[in-house]
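Colleague: below are the sequence and a predicted model; questions follow.
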Amino acid sequence: MNTQKLESNLVEVNALEPWPEPVDGGLLLDDLRRTLTRFVVLPQWGAEALALWTLHTYAFELREVSAYVGIESPEKRCGKTTLVAALSELVNRPEVAANISPPAFFRVIEETRPTLLIDEADTLLPGNDALRGILNSGYKRRTSYVVRVNSQGSRAEGPMGLARFSCWCPKLVSTIGSLPETLADRCIVVRMHRKTASERCERLRDLNGERLRRCCLRFVADRAAEIAGARAEIPAGLNDRAGDIWEPLLVLADLAGGEWPKWAREAAVGLSGGSQENGPIGSLLLDMVVAVCNDGGGADVQPGDGGEVGGDGQPSLERTQEGAGDFGGLAGGSPGVTGGWTGGLTGGVTGGVGGGWAAPDLSALAFVAVSRYVS
């Protein structure tokens, strides 16, 4: 990565002069967080994550991964559009789009290297498989491109007129309801709710983010080589993809110093560490196992129950080992995991009660299922 060329590009494309004096990264992130919370009520760790992501939009070209942000809400009037409007005054080269076609999507990225703020994705993404596919592939530099037939000007390459267009840039996608699962898995997901009567924030009327934008430019220009070469310590609670997405933000937090390295890792674990627990696979699996236990007349295996299930919601070790029976390989991680688990789900669980599984067998299977698939 040619950091000198990037520093030149930062000034040229933004048409903004960097702040004339060196910038304290910790104070800059504090200002970004404070600005966002003036106008929007955010969930725990949402302001920290968005402040870091805002700074990342000025530095993404120094890294191999560009973090996505997903904004979800259960219904309208939860502040998503206000948040997008506030961020459009703070991020690097904002491009706000509530309706964008796949060709326009990759052309605007190729030409302007923006921060793409997609609002109302609940009306844009359903049925738009081409755009969803581009979004899914667009968070890593090496795979973030599309190939299209293009006969316009010098971009055409080869006898068939094929051209390659980048679709790599920071992106925020806002939606009512949940993002598509494959897209959410690539996002730092911030879930917003309507503010209560006791929660107060200012109306967004005349936010001018020029000073903060210039400060972001200066901080990134001064620390470009460090940002490009740093490797952050990833919290243990993140899976591999979440670690990839959070690393560029953690690098910025480490360089900013103060409390930000700690806050960034707490935000990463708080927002992305339990990414499986609300997933449809984990929820369906848990519901299915509990239903089988109940329908079979066995123990009512519920997390947190007392009785034969421990107070922490797990069967006692003695009961687990005793009841595991033929499923002992599951708990031990032996080669029997694949065959036993598949058989249990496809055949044993659906018809296994009639086959004579005892309640301890089912409680052991529930324990294994929850421990493996529901974090």
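Modeller: That came in fine, so what should we check first?

Colleague: my read: Ala86 touches Arg34, true?
Modeller: No - using Cβ atoms under 8 Å, Ala86 is not in contact with Arg34, being 11.8 Å away. (Each C-beta comes from the backbone N, C-alpha and C, glycine too.)

Colleague: who's more crowded, the two?
Modeller: Per other Cβ atoms under 10 Å, whichever of Ala86 and Arg34 has more neighbours is Ala86, with 22 against 11.

Colleague: looking at the chain, which helix or strand is least sure?
Modeller: Least confident helix or strand, the chain: helix 336-343 with a mean of 33, by mean pLDDT, DSSP states H and E.

Colleague: is it fair to say Glu226 lies in a helix?
Modeller: Yes - checked against DSSP: H, G, I helix; E, B strand; the rest coil, Glu226 lies within a helix.

Colleague: please, which helix or strand holds the nearest residue to it once chain neighbours are set aside?
Modeller: Distances taken as Cβ to Cβ, 6 or more residues apart in numbering put Leu255 closest to Glu226, at 6.0 Å, once the chain neighbours are dropped. Counting by DSSP states H and E, the element that carries Leu255 is helix 240-256.

Colleague: how about the helix or strand that that helix is followed by as CSV, C-alpha atoms only?
Modeller: Next along the chain after helix 240-256, taking DSSP H and E as the criterion, comes helix 260-272. What follows is helix 260-272, C-alpha atoms only, in CSV (Å, rounded to 0.1, in the frame of the first residue of the first chain):
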residue,chain,number,x,y,z
TRP,A,260,-10.8,3.4,23.7
PRO,A,261,-8.9,0.1,23.4
LYS,A,262,-11.0,-1.2,26.3
TRP,A,263,-14.3,0.3,25.1
ALA,A,264,-13.8,-1.0,21.5
ARG,A,265,-13.3,-4.5,22.7
GLU,A,266,-16.3,-4.4,25.0
ALA,A,267,-18.3,-3.0,22.2
ALA,A,268,-17.1,-5.8,19.8
VAL,A,269,-18.1,-8.5,22.3
GLY,A,270,-21.3,-6.8,23.3
LEU,A,271,-22.6,-6.2,19.7
SER,A,272,-21.0,-9.1,17.8
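
Colleague: my guess is Leu207 contacts Ser88. True?
Modeller: No - here Leu207 lies out of contact with Ser88, judged by Cβ under 8 Å, at a distance of 9.3 Å.

Colleague: for burial, what's the neighbour tally of the residue nearest to Arg241 when sequence neighbours are not counted?
Modeller: The shortest distance from Arg241 to any non-neighbouring residue, by Cβ to Cβ, 6+ apart, is to Asp185 (6.3 Å). By other Cβ under 10 Å, 20 other residues sit near Asp185.

Colleague: separation between Asp185 and Ile234?
Modeller: 17 Å (Cβ to Cβ, to the nearest Å).

Colleague: what sits against Cys78?
Modeller: By Cβ atoms under 8 Å, 6 or more residues apart in numbering, the contact set of Cys78 is Met192, His193, Arg194.

Colleague: give the contact list for the second one.
Modeller: When contacts are counted by Cβ under 8 Å, 6+ apart, His193 is found next to Val41, Pro43, Ser73, Pro74, Cys78.

Colleague: ok so, going back, which one of the contacts of Cys78 is nearest to Arg223?
Modeller: Arg223 has its nearest neighbour among these in Met192, at 31.1 Å by Cβ to Cβ.

Colleague: quick check: phi and psi on the closest one?
Modeller: Taking degrees, to the nearest 10, you get phi -100, psi 160 for the backbone angles of Met192.

Colleague: what is the neighbour count of it?
Modeller: With other Cβ under 10 Å as criterion, Met192 counts 20.

Colleague: go on, Arg231?
Modeller: For Arg231, the neighbour count with other Cβ under 10 Å is 9.

Colleague: same thing with Pro170?
Modeller: 27.

Colleague: didn't it look like it was pressed against Ala67?
Modeller: Yes - the criterion here is Cβ under 8 Å, and Pro170 meets it with Ala67 at 6.6 Å.

Colleague: any shared contact partners between those two?
Modeller: With Cβ under 8 Å, 6+ apart as the test, Pro170 and Ala67 both reach Trp53, His56, Phe60.

Colleague: measure the second one to Val220 for me?
Modeller: It refers to His56. From His56 to Val220 the distance is 9 Å (Cβ to Cβ).
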